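J.: My questions concern the predicted model and sequence given below.
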Amino acid sequence: MTTRPAIGATRISTAGQRDGYGQAEQAAEITRYAEQAGFTLLEIVPEVESGARELESRATVQRYYQLAEQQPGLTFIFPRVDRIGRRAELILGIVRELHARRAEVRVIGVPLDLRTREGALMLTMLSGVAEFDHSSIRDRMESGRRRKAQAGLWPHGSPPWGYRLERDARGVATRPVPIPEQAAAVRRLYELAVDHGEADLVETMRAEGWPAPTERGWLRKSVNNILKNDLYAGRRVYQGITLEYEPIVPPDLLSQVRAARAARRTSGGPRTAAPLLLTGHLRCVCGSAMGRDVDKSSYKGRVYAEYTLYRCWKAKRHRLDNVPRVPHASQVASEKLDALCWAALSSALTDPGRLVDLVTPTAAGPTEPPPARIAELEAAIARAYEPLTAGAVGYTLSIAESLARPYAEELSRLRAEYAAKAAPPAPDLEAHAEAFRQMLAAPMTFEDQRELLRVLRAQFVMGPNGLQGIRITLP
């Protein structure tokens with residue numbers, strides 16, 4: 001008796017299901033079916049991936065196609081339709097692709113040939129049922145997470161590095177609590193981040209021997225991930241519900257670090273091994289950065305002089321990439337501009353009357369939040385999810401999210417506005433000017449000048465007729 005070659009296909013959604021949940025049972029069912037139907041089972045291909053993911057991200061599906069092309073006439077056996085996928089268009093697409101490669105698809109429990117009109121109709125119906133079942137599971141999971149959040153418990157997911165989830169007697173996650181040694185490292189990182197960039201932070205955290213979030217130690221990526229994570233402030237908002245827990249970083253320090261990092265991104269920094277004095281602090285009137293460039297003078301192909309310049313990068317792109325020409329001065333000799341800008345800055349720093357025009361103003365934030373409006377918005381968000389929590393028929397998560405979205409967006413906007421700090425008192429310009437007079441009276445090295453520009457976050461703007469403006473931030 002001639003047997004036909006077949007491939008078994010199993011799928012589970014998460015790695016947590018590997019240990020005895022689903023995978024072994026599916027393989028046993030496929031093996032029994034193959035023996036009864038007269039197939040030679042060549043291999044069982046397991047997949048650990050959500051059936052709702054796009055096909056491009058499912059490597060196992062691509063392997064199905066390769067096997068079908070390598071051995072025309074191969075049969076693929078799935079234990080159920082929802083093991084092929086969890087969305088109707090994905091299920092039908094996989095089956096069509098396998099049929100196009102001259103493979104046969106069998107689903108245990110489906111008696112019809114899926115290549116016939118009747119079989120295709122049944123597959124379409126079962127695919128719709130699989131998608132509906134997946135949506136129901138997702139809605140139940142979201143409803144359960146929302147109930148946990150309403151009870152003041154961590155709804156789902158892992159807390160950020162530096163925390164561990166505390167669990168009750170049943171093993172249910174309750175709240176994140178700081179891990180002392182990791183929390184101390186996070187606080188130290190935030191304290192350093194007020195005045196230092198990522199490269200310096202990596203070097204300092206390594207030198208001081210703090211525990212790191214990766215096996216490779218402190219990296220710029222891990223530093224960036226920690227510094228941009230708002231959860232360290234001890235507050236998480238889930239579907240409009242606020243969960244509070246012990247913070248690792250005080251909110252005012254977190255806000256200070258955000259502002260400092262934003263200012264550093266604006267001011268930039270040296271991109272070359274040998275920066276010029278104004279590298280990272282000079283912008284063209286068009287808004288583009290001006291950086292180091294070199295012009296060469298030559299005669300009959302022989303270079304006899306080189307000139308270091310500051311060049312507007314937008315103008316340089318015109319020269320290199322043939323983008324539209326910019327209608328402004330695009331380059332200035334570096335030595336000339338260094339001397340001009342340093343003299344202008346020094347003169348302004350020591351004169352209180354001119355210093356006031358250089359200081360970047362700080363806008364005052366609102367003084368009092370509107371508690372009545374915030375309470376109204378929180379109540380409206382809660383009402384949008386109540387039918388879902390109660391299990392109302394036909395009321396899905398997407399409906400609840402759609403109804404709650406405008407209230408949640410307004411709530412987030414209000415909280416951001418009223419979290420702003422009031423403007424600090426006006427600086428004592430007389431005292432600052434006197435301090436700058438004493439500092440600039442002593443000889444300064446190139447490194448000293450660069451450090452002063454960094455501390456002041458100085459920005460020089462060049463216009464068509466020369467230096468157009470200077471902005472600084474007083475420490």
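T.: Okay, I see it. Numbering: from 1, shown residues only.

J.: Only C-alpha atoms from now on, for both contacts and neighbour counts.
T.: OK.

J.: Could I get the full set of strands for this protein?
T.: For the chain, the strands defined by DSSP state E cover 4-12, 39-48, 75-78, 104-107, 163-167, 173-178, 235-238, 241-244, 282-284, 290-299, 302-312, 331-333, 459-463, 466-471.

J.: which residues sit against the last one?
T.: This means strand 466-471. Contacts to strand 466-471, defined as CA atoms under 8 Å, 6 or more residues apart in numbering, come from residues 285, 341, 345, 358, 359, 360, 458, 459, 460, 461, 462.

J.: Same question for the fifth one.
T.: Residues from elsewhere that reach strand 163-167, judged by CA under 8 Å, 6+ apart: 158, 159, 173, 174, 175, 176, 177, 178, 179, 182, 183.

J.: Quick one: buried ones out of those?
T.: Neighbour counting by 16 or more other CA atoms under 10 Å classes 159, 173, 174, 175, 176, 177, 178, 182, 183 among the contacts of strand 163-167 as buried.

J.: partners of the second one in the sheet?
T.: Same thing as residue 173. Note on residue 173: beta-bridge partners residue 167, judged by DSSP bridges.

J.: Tell me the spacing between it and residue 444.
T.: Going from residue 173 to residue 444 by CA to CA, to the nearest Å gives 58 Å.

J.: Just list the residues touching the closest residue to residue 354 other than its chain neighbours, thanks.
T.: Nearest residue to residue 354 in three dimensions, chain neighbours excluded: residue 348, at 5.3 Å (CA to CA, 6 or more residues apart in numbering). Contact partners of residue 348, counting by CA under 8 Å, 6+ apart, are 354, 355, 358.

J.: Now the buried members of those residues.
T.: Using 16+ other CA under 10 Å, the buried ones in those are 355, 358.

J.: Please identify which of the contacts of residue 348 is nearest to residue 58.
T.: residue 358 (56.4 Å; CA to CA).

J.: partners of residue 9 in the sheet?
T.: Under the criterion used (DSSP bridges), residue 9 bridges to residue 45.

J.: Would you mind confirming that it makes contact with residue 76?
T.: Yes. Between residue 9 and residue 76 a contact is recorded at 6.9 Å, counting by CA atoms under 8 Å.

J.: on that earlier part again, as CSV, the strands of the chain with distance to residue 198 would be great.
T.: Shown next, in CSV, are those (distance: least, CA to CA, whole Å):
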stretch, distance to residue 198
strand 4-12, 40
strand 39-48, 36
strand 75-78, 50
strand 104-107, 53
strand 163-167, 22
strand 173-178, 24
strand 235-238, 25
strand 241-244, 29
strand 282-284, 22
strand 290-299, 22
strand 302-312, 26
strand 331-333, 31
strand 459-463, 21
strand 466-471, 24
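
J.: Per-residue pLDDT of the residue nearest to residue 182 when sequence neighbours are not counted, please?
T.: Closest residue to residue 182 apart from its sequence neighbours, by CA to CA, 6+ apart: residue 162 at 4.7 Å. Listed pLDDT for residue 162 reads 93.
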